[in-house]
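Trainee: generate coordinates for the sequence data below:
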Amino acid sequence: MKKLLALVLTAGVTVACASQKAPAEMALKGLEQAVTAAKPEIEMFAADEMTGLTDAVAAAKTKFESGDYAGVVADVQTVTAKLSTAAQTAAAKKAALTTEWTTFAALPAMVGQVTAKLTELTAMRRLPAGMTKTTVDDAKMSLDKVNALWTEASGAFEKGDLMAAVTKARDVKPMVETLMSSLGVAAAAAAK
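Mentor: Prediction:
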């Protein structure tokens, strides 16, 4: 009788576990797909959050492999909330960088003004008071650096790498402003 009772209990536990396995497996697969889909944005804009998500998915897989299906379902719910938070953080960072990028829209016009001023100064036989050939030559070298950096920033933006684009644009802006100041380009033209 005891053997029969033990066998019935074992069979009941096996059936209960088997009935939890399918939902746990589906939940785990759904989580893995969601993390995979969100990974590029999160890695780019909230990289510190990605490691925790990857570790949590690995822990849920380990629970699944050990047969802790209820634990898997609970973990999936927790990790899904973390994934949602990470995705929102990444989206907010992306939006902030996109907004910041738009603040650099005047830079090409400013570079154009510096270029025009340098062309004008180069054509002069005699430079204005306070302006030397060295100042003009240094400005030309700086302008070359500005153009190279702006090309890199624009290229990064076109490729969707907002972090690199904004970082480079942040470097370009003060360089252009310094050039405008040293060449006597009207400050009103440098409106931000």
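Trainee: check the closest residue to residue 152 other than its chain neighbours and give its pLDDT.
Mentor: Distances taken as C-beta to C-beta, 6 or more residues apart in numbering put residue 168 closest to residue 152, at 5.3 Å, once the chain neighbours are dropped. Using the backbone N, CA and C atoms, a C-beta is placed for each residue, glycine as well. Residue 168 is assigned 96 on the pLDDT scale.
Trainee: for the helix or strand residue 168 falls within, buried residues please.
Mentor: Following DSSP states H and E, one finds residue 168 within helix 162-183. Going by neighbour count (16 or more other C-beta atoms under 10 Å), the buried part of helix 162-183 is 162, 164-166, 168-169, 172-173, 175-177, 179-180, 182-183.
Trainee: looking at it, the residue nearest to residue 152 is touching residue 153, isn't it?
Mentor: Yes: if you go by C-beta atoms under 8 Å, residue 168 and residue 153 touch, sitting 3.7 Å apart.
Trainee: what residues does the helix holding residue 168 touch?
Mentor: Contact with helix 162-183 is made by 44-45, 94, 97-98, 100-101, 104, 107, 110-111, 113-114, 117-118, 121, 131, 135, 139, 142-143, 145-146, 149-150, 152-154, 156-157, 185, 187, 189-190, as judged by C-beta atoms under 8 Å, 6 or more residues apart in numbering.
Trainee: how about 6 Å then?
Mentor: Outside of helix 162-183, the residues within contact range by C-beta atoms under 6 Å, 6 or more residues apart in numbering are 97, 100-101, 104, 110-111, 114, 117, 139, 142, 146, 149-150, 152-153, 156-157, 190.
Trainee: just the buried ones among those residues, please.
Mentor: 97, 104, 110-111, 114, 117, 139, 142, 146, 149-150, 152-153, 156-157, 190.
Trainee: where along this structure do the helices fall?
Mentor: With DSSP state H as the criterion, the chain has helices at 2-45, 47-65, 69-102, 107-123, 133-158, 162-183.
Trainee: on contacts alone, who are the packing partners of the third one?
Mentor: When you say that, I think you mean helix 69-102. Using 3 or more C-beta pairs under 6 Å, 6 or more residues apart in numbering; DSSP states H and E as the contact criterion, the elements in contact with helix 69-102 are helix 2-45, helix 47-65, helix 162-183.
Trainee: least confident of these, on average?
Mentor: helix 2-45 has the lowest average pLDDT among those, namely a mean of 69.
Trainee: walk me through the domains of the chain.
Mentor: Domain assignment of the chain by automatic domain parsing yields the ranges 2-93, 103-190.
Trainee: which of the buried ones among the contacts of helix 162-183 sits closest to residue 125?
Mentor: Of all those, residue 125 sits closest to residue 117, with 16.5 Å by C-beta to C-beta.
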